[in-house]
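1. I'd like to go over a predicted model; first the sequence, then the structure.
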Number of protein chains: 2
Amino acid sequence: MIALTEFAAAGYAGTSLHRIADLAGLSKSSVLYHFSSKETLLEAAIAPSIDRMEEILDALESRPLNVESRTAFLEEFVDFILQYRREAHMFINQGPSLVDVPVIDRANDLVRRLAGYFDANTSSVEEKMRFGIALGGAAYMLCTLDTLGFEASPIDVTRGALVNILTDLLVPVETSADQANGT
Amino acid sequence: MIALTEFAAAGYAGTSLHRIADLAGLSKSSVLYHFSSKETLLEAAIAPSIDRMEEILDALESRPLNVESRTAFLEEFVDFILQYRREAHMFINQGPSLVDVPVIDRANDLVRRLAGYFDANTSSVEEKMRFGIALGGAAYMLCTLDTLGFEASPIDVTRGALVNILTDLLVPVETSADQANGT
DNA sequence: ACAGTCTCTGACCGATCGGTCAGTTAGCGT
DNA sequence: ACGCTAACTGACCGATCGGTCAGAGACTGT
């Protein structure tokens, strides 16, 4: 969807229906014929990604708390961002400002649910922040890959690197610190 | 500045002068008396943070490439985000959409300069992405600390945790992998 | 040939946007 | 008491916003 790219790039408030119509090669009226309002357009654009995110969260919460579960979530999350990078970009940094839009409220609820899960299952402040940095950073990274200079890597290389980094951050593998801890 | 908080929360395009004036307890005309335009207001709000970021980048580029230098940059960066979290939030995820605003162009140049530095001084894709995730994630984390559930930690604890995490991500300490590499 | 439907459009609407301007108020030096 | 200036305001402006509406084409089944 063309509108989605603009919403993610220029912001929902900063994107006019006129501009969306121009980019689509249609008139504004025509856009409003297919989507009864700007809000409906937003909803159609990001609803699938929210559905998918909900699935991932459901799966996460229904799994036991172990390394395999965390790794599985992590890979699902990376694939999610790879597939829905613009949508993720949208409700990560426009979500808080678009309250009262039903579909955005759903997204915000999911973000809070994810944060709550990590809040409940971590003890130290640093551990909580690791989640924030990992998930927020991964999303930021992918959404701005095109904007920044370095890019043009095969998607599987990107995916592999992402999984590696997030695993380092979130999965208690046998790092030297953990080994010292005797974990 | 009151306007800054709104710009960061609701976006530049999504914040009207009327709303800023209301929050400030003034009339819109009065706001435009102090700042000749909305753009001037934005400039006044974020210019100091851009100046500071420029200092940090200058220092980074003038230092040799070693662990001490990288650690120093990292601490400066963390302190920067801690001090200018709303500003950082602004030009991190509104910067690309606000081109042709001079002060934002400066900020975008700095982001590109930072990305270019890491692009030039890293080899693997994963290494580049570590920078993106670390810096973007740290900025995201701090800017949304209030929005998410977990917070209310003393600032020095937050700072310490941030420095730890970014060090893990960016500074080539003696991890098991590096030891295996014989680095 | 006709009616129906789907897609699309320009003209138009009220609301709100950023910004201008004439004028009011309060404080200060003289 | 006076004039000067800084701070502030409401009324107003053109532009643009999201959204409505009557109608124009194109295509279908009959």
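-> Noted; the coordinates are in hand. Being a predicted model, the structure only gives us computed values, none of them experimental. Numbering: from 1, shown residues only, chains lettered A, B, ... in the order given.

2. element containing A:Asp119, please.
-> Here A:Asp119 is covered by helix A:102-120, with elements defined by DSSP states H and E.

3. identify each buried residue in that helix, please.
-> By 16 or more other CB atoms under 10 Å in any protein chain shown, the buried positions in helix A:102-120 come out as A:103-104, A:106-108, A:110-111, A:113-115, A:117-118. C-beta here means a position set from N, CA and C on the backbone, and glycine is covered the same way.

4. now the two most distant members of those.
-> Spanning the widest gap among the buried residues of helix A:102-120 are A:Val103 and A:Phe118, at 23.7 Å by CB to CB.

5. from chain A, which residue is nearest to chain B?
-> Nearest residue of chain A to chain B, counting by CB to the nearest CB: A:Gly137, 2.2 Å away.

6. neighbouring contacts of the host helix or strand of A:Asp168?
-> Per DSSP H and E, A:Asp168 falls inside helix A:155-170. Outside of helix A:155-170, the residues within contact range by CB atoms under 8 Å, 6 or more residues apart in numbering or on different chains are A:70-71, A:74-75, A:77-79, A:81-82, A:130-131, A:133-134, A:138, A:141-142, A:145, A:173, B:124-126, B:129-130, B:133, B:165, B:168-169.

7. show me what contacts the residue positioned nearest the centre of chain A?
-> The centroid of chain A falls nearest to A:Ala88 when counting by CA atoms, centre = their mean (3.4 Å). Contacts of A:Ala88 were listed using CB under 8 Å, 6+ apart, and they are A:49, A:80-81, A:139, A:142-143.

8. which among those residues gets closest to DNA strand C?
-> Proximity of the contacts of A:Ala88 to DNA strand C (CB to the nearest atom of the strand) peaks at A:Ser49, which lies at 24.0 Å.

9. thought the closest one was touching A:Arg85?
-> No: A:Ser49 is beyond contact range of A:Arg85, at 9.4 Å (criterion: CB atoms under 8 Å).

10. could you pull up the residues touching the residue of chain A closest to chain B?
-> Shown in contact with A:Gly137 (CB under 8 Å, 6+ apart): B:132-138, B:140-141.

11. change it to 10 Å
-> Taking CB atoms under 10 Å, 6 or more residues apart in numbering or on different chains, we find A:Gly137 in contact with A:162, A:165-166, A:169, B:129-141, B:165, B:169.

12. just want the angle from the helix or strand containing the residue nearest to the centre of chain A to helix A:102-120.
-> Here A:Ala88 sits within helix A:85-93, counting by DSSP H and E. Angle, helix A:85-93 to helix A:102-120, by axes from the mean of the first three to the mean of the last three CA atoms, to 10 degrees: 70 degrees.

13. so helix A:85-93, near DNA strand D or not?
-> No: using CB under 7 Å from any atom of the strand, helix A:85-93 stays clear of DNA strand D, with a minimum separation of 15.0 Å.

14. buried set for that helix?
-> Neighbour-count burial for helix A:85-93, counted by 16+ other CB under 10 Å, picks out A:85-93.

15. and what of stretch A:34-53?
-> By neighbour count on 16+ other CB under 10 Å, the buried set for stretch A:34-53 is A:35, A:38-39, A:41-43, A:45-46, A:49-50, A:52-53.

16. out of those, which is nearest to DNA strand D?
-> A:Lys38 (3.3 Å).

17. just checking, that closest one touches A:Leu32?
-> Yes: using CB atoms under 10 Å, A:Lys38 is in contact with A:Leu32, at 8.3 Å.

18. overlap in contacts of the two?
-> A:Leu17.

19. that older thread, and which of the buried residues of helix A:85-93 is nearest A:Asp22?
-> For the buried residues of helix A:85-93, the nearest to A:Asp22 is A:Arg86 (18.9 Å; CB to CB).

20. distance check, that closest one against DNA strand C.
-> A:Arg86 is 23 Å from DNA strand C, where distance means CB to the nearest atom of the strand, to the nearest Å.

21. now that residue, nearest residue through space, not along the chain?
-> Distance criterion CB to CB, 6 or more residues apart in numbering or on different chains; nearest residue to A:Arg86, sequence neighbours excluded, is A:Ala8 at 3.9 Å.

22. ditto for A:Val78
-> Residue nearest to A:Val78 in three dimensions, not counting chain neighbours: A:Leu162, with 4.8 Å by CB to CB, 6+ apart.

23. burial count for the one you found?
-> Other residues lying near A:Leu162 total 26 when counted by other CB atoms under 10 Å in any protein chain shown.

24. need the pLDDT of it.
-> Turning to A:Leu162, the model gives it a pLDDT of 89.

25. ranges for the helices of chain A?
-> Remark: helices assigned in chain A by DSSP state H are A:2-10, A:17-24, A:28-34, A:38-62, A:67-83, A:85-93, A:102-120, A:125-143, A:155-170, A:176-181.

26. in contact with A:Arg63, which residues?
-> By CB under 10 Å, 6+ apart, the contact set of A:Arg63 is A:69-70, A:72-73.

27. so which of the residues you listed is the closest to A:His18?
-> Nearest to A:His18 among the contacts of A:Arg63, with distances taken as CB to CB, is A:Phe73, at 41.2 Å.
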